[in-house]
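Novice: Pasted the sequence and its predicted model underneath.
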Amino acid sequence: MADKYSVLRNFYGYSSFREGQEPIIDNILAGRDVLAVMPTGAGKSICYQIPAILLPGITLVISPLISLMKDQVGALNQNGIRAAYLNSSLTARQYGLALANIRQGVYKIIYVAPERLMTDGFLELASNLNISLVAVDEAHCVSQWGHDFRTSYTHISTFVEGLARRPVVAAFTATATEQVKNDVRSLLALARPYEITTGFDRPNLYFGVVETASRLDYIQSYLKENKNKSGIIYAMTRKNVEKIYSHLLNAGFPVTMYHAGLSDAERANNQDEFIRDARPIIVATNAFGMGIDKPDVEFIIHYNFPMSMESYYQEAGRAGRDGSEADCILLYSAADIHTAKFLIENGGDEDELSDVAELEAAKRRRLEKLEHMISYCKTTACLRSCILRYFGENPKTEKCEKCSSCRGDYEVQDVTDIVRAVRMAVDVTGERFGAVFIADFLHGIDNGRMDALGFTSERGFGFLEHVSTSVIRDVISRMVEAGLLVRSSGQYPVLAISPALDNYLASGNRMTLKVKKSEKKSKSKTRAPETLHMSPVDAELYERLRKFRRETAEKRGVPAYVIFTDSTLREIAAARPTDMASLMRVRGIGEEKAMRYGTAVIGIVRGMGF
């Protein structure tokens, strides 16, 4: 008789559970509701998929993420578990076929979008199904305190109440404050739920914060030093996505992009190219990646300032889901903070709130969340500790040695002299130019225009030739943020001296800036490729296995990681299995995958002479 351990072994190829998974599974199987807060990459899906296999009826998984449905259903079917999804991506014929199979009891797990629950057709279908479990993914969407509020989530409890027999309801989310958890309990009508919050720490992730006005230069430099890595670059607007994409494409990087302005076909194709590693770098707006199970994302770079710690940690958590080392780097400038505050003050995300008091309360909540992000970016303390404390967890140490603060990748530098020089330059040039021109003037860059305007002979030209223009622009941004300079609006903003600047300097104030140390490379950029940790023979075997995986994935029309993850391939290369028994001792290889691919994998190993 199957139990949770045999299911874990036979279908997923693992011999032990991760933190928190087993008690969640036990409580669901015992008929108890669950509220589980587990960070991205902690293995939430297994917590409802294993009960789904063991329970007698059907499991409904409610998710707003079409990409998650497609990826997880594909992976389940590859593992020998019959599953399907119902969402707007299906054609009428595909949808009808799926409904027919559901009525015939073909599937154990059905993924459905929350908007579809209360439609007449789905209500009629559900009334005739034996539903044992309703798993609510992204459960924070039910709360207006959450960072992805969706009205459709508030209808889930009504749907459950309308079923002939109430199933177990299990709610899962990656990040949730106490207020959000209260809303999840109440609005999903959970009955005395078993609650668990697993550790938020992701030890394999490096966290870095870089204040810079030269973000494109930073990204290009990072990608050059991290060749062949797969990653996501997040930007806040379509315009920025397209700017970054064009810059990197022209520089020769294998990059694609994703935003709502693209056609459905373009988005689907670009996402597919990223998932299949045809173009392993994608530049995207923040909605991209929700629910994508690509486990080998090796870096996440935020080009713009995130609006909340919840959204940042969820997006950053898409890196290193297979347990491998990965980088999470946040780039920001003072201008980002102004933009974020402007967006909050001018609304846009609270269209569904008609009450003025509710609207103001929503703005206050968002500003409060923004202040936490500002503190995170400006702190010199351990970044990991800041994240953990935000989510109510006490860090085990105040020095993680795996963030830009702890590693000393950046240092706090007194830039008051640069502030004085900027004031002089803005005055000398007549308050007629913007930050780029002022930085070039102080650094001593003669681009032709500088000489034509007669400024190369002015006092102050080249005064800061020992300081990079990017640092000068960073100081200018900080001065604008502090109200010491006034930046005009319009297509070509110019700088003017604020009365506050002279008072600031006369009062003996000092300005500091976190800057990258010049004497060494950031350690976030020095992670060696996985093959450098292998012997030459193991590295060759690893590459042969990757080639087999890529070709097999193309034939089957699934992402490469659905066949085997990188971490599984590394274990195969290290273990060198030459028979089926030893192959199945490798983590991530269950019976179904062993039957499908075992002969070929063993053949590759033996072909190396082992």
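Specialist: Now that the structure is in, tell me what you want to look at.

Novice: which element follows the lowest-mean-pLDDT helix or strand in the chain toward the C-terminus?
Specialist: Sorting the helices and strands of the chain by mean pLDDT, DSSP states H and E puts strand 512-516 at the bottom, at a mean of 74. Per DSSP states H and E, strand 512-516 leads on to helix 536-556 as the next helix or strand towards the C-terminus.

Novice: Contacts only, for Q271.
Specialist: S67, Y258, I282, F288, I292 (C-beta atoms under 8 Å, 6 or more residues apart in numbering). C-betas here are computed from N, CA, C, even on glycine.

Novice: brain fart, E273
Specialist: Per C-beta under 8 Å, 6+ apart, neighbours of E273: T256, R279.

Novice: got the phi/psi numbers for it?
Specialist: phi -60, psi -40 (degrees, to the nearest 10).

Novice: Roughly how far does it sit from G252?
Specialist: 16 Å (C-beta to C-beta, to the nearest Å).

Novice: Same question for E431.
Specialist: Taking C-beta to C-beta, one finds E431 at 40 Å from G252.

Novice: likewise P23?
Specialist: According to C-beta to C-beta, P23 stands 49 Å off from G252.

Novice: Neighbour count for these two, which is higher?
Specialist: In this view P23 and G252 are compared by other C-beta atoms under 10 Å, and P23 has more residues nearby, 16 against 9.

Novice: Can you check what pLDDT the model gives the more buried one?
Specialist: P23 carries a pLDDT score of 97 in this model.

Novice: can you check the one 10 residues further on too?
Specialist: We have a pLDDT of 97 for D33.

Novice: And A171, by the same measure?
Specialist: Here, the pLDDT recorded for A171 equals 96.

Novice: and what of the one 5 residues further on?
Specialist: As summarised for this prediction, A176 has a pLDDT of 75.

Novice: Next, it: secondary structure please.
Specialist: coil (DSSP: H, G, I helix; E, B strand; the rest coil).

Novice: What is the neighbour count of it?
Specialist: Neighbour tally, A176, other C-beta under 10 Å: 26.

Novice: P493 touches R487, doesn't it?
Specialist: Yes. The pair P493 / R487 is scored as a contact, 4.9 Å apart, by C-beta atoms under 8 Å.

Novice: overlap in contacts of those two?
Specialist: G434.

Novice: which of the two has more neighbours?
Specialist: Set P493 next to R487 and count neighbours by other C-beta under 10 Å: R487 wins out with 18 against 13.

Novice: The more buried one: what's it in contact with?
Specialist: Here R487 is in contact with G434, A435, V480, P493, V494, L495 (C-beta under 8 Å, 6+ apart).

Novice: and which of those residues is nearest to P395?
Specialist: In terms of C-beta to C-beta, no member of the contacts of R487 lies closer to P395 than V480, at 34.0 Å.

Novice: Please list all residues in contact with G460.
Specialist: Counted by C-beta under 8 Å, 6+ apart, G460 has contacts A421, M424, A425, V428, F441, L442.

Novice: Could you give me the PyMOL selection string for whichever of those residues are buried?
Specialist: Burial among the contacts of G460 is assessed by 16 or more other C-beta atoms under 10 Å; the matching PyMOL selection reads:
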select buried, resi 421+425+428+441+442
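
Novice: mind checking the SS state of the closest residue to L545 other than its chain neighbours?
Specialist: Of all residues not flanking L545 in the chain, L569 sits nearest, at 4.7 Å (C-beta to C-beta, 6 or more residues apart in numbering). The three-state label given to L569 by three-state DSSP is helix.

Novice: just how off-centre is the lengthiest helix in the chain within its chain?
Specialist: Secondary structure of the chain per DSSP state H: the longest helix is helix 356-378. Helix 356-378 has its C-alpha centroid displaced from the chain centroid by 21 Å (C-alpha atoms, centre = their mean, to the nearest Å).

Novice: CA atoms of it as PDB?
Specialist: The C-alpha coordinates for helix 356-378 follow below in PDB (Å, rounded to 0.1, in the frame of the first residue of the first chain):
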ATOM      1  CA  VAL A 356     -11.800  57.400   0.400                       C
ATOM      2  CA  ALA A 357     -10.800  56.100   3.800                       C
ATOM      3  CA  GLU A 358      -9.900  52.700   2.400                       C
ATOM      4  CA  LEU A 359      -7.900  54.300  -0.400                       C
ATOM      5  CA  GLU A 360      -5.900  56.400   2.100                       C
ATOM      6  CA  ALA A 361      -5.400  53.400   4.300                       C
ATOM      7  CA  ALA A 362      -4.100  51.400   1.300                       C
ATOM      8  CA  LYS A 363      -1.700  54.200   0.400                       C
ATOM      9  CA  ARG A 364      -0.400  54.300   4.000                       C
ATOM     10  CA  ARG A 365       0.200  50.500   3.900                       C
ATOM     11  CA  ARG A 366       2.100  50.800   0.700                       C
ATOM     12  CA  LEU A 367       4.200  53.700   2.000                       C
ATOM     13  CA  GLU A 368       5.000  51.800   5.100                       C
ATOM     14  CA  LYS A 369       6.200  48.800   3.000                       C
ATOM     15  CA  LEU A 370       8.200  51.100   0.900                       C
ATOM     16  CA  GLU A 371      10.000  52.500   3.900                       C
ATOM     17  CA  HIS A 372      11.200  49.000   4.800                       C
ATOM     18  CA  MET A 373      12.700  48.700   1.300                       C
ATOM     19  CA  ILE A 374      14.400  52.000   1.700                       C
ATOM     20  CA  SER A 375      15.900  50.900   5.000                       C
ATOM     21  CA  TYR A 376      17.100  47.700   3.400                       C
ATOM     22  CA  CYS A 377      18.900  49.500   0.600                       C
ATOM     23  CA  LYS A 378      20.600  52.000   2.900                       C
END
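
Novice: relative orientation of the helix or strand following that helix and helix 356-378 in degrees?
Specialist: Following helix 356-378 in sequence order, the next helix or strand is helix 383-390 (DSSP H and E). Counting by axes from the mean of the first three to the mean of the last three C-alpha atoms, to 10 degrees, helix 383-390 points 150 degrees away from the direction of helix 356-378.

Novice: now the end-to-end length of stretch 582-589.
Specialist: 11 Å (C-alpha to C-alpha, to the nearest Å).

Novice: again with stretch 101-114
Specialist: 21 Å.

Novice: so for it, what's the average pLDDT?
Specialist: 92.

Novice: what's the neighbour count on the residue nearest to L545?
Specialist: 26.

Novice: Same check on S375?
Specialist: So S375, with other C-beta under 10 Å, has 13 neighbours.

Novice: Was I right to think it contacts C386?
Specialist: Yes. Counting by C-beta under 8 Å, C386 is a contact partner of S375 at 7.3 Å.
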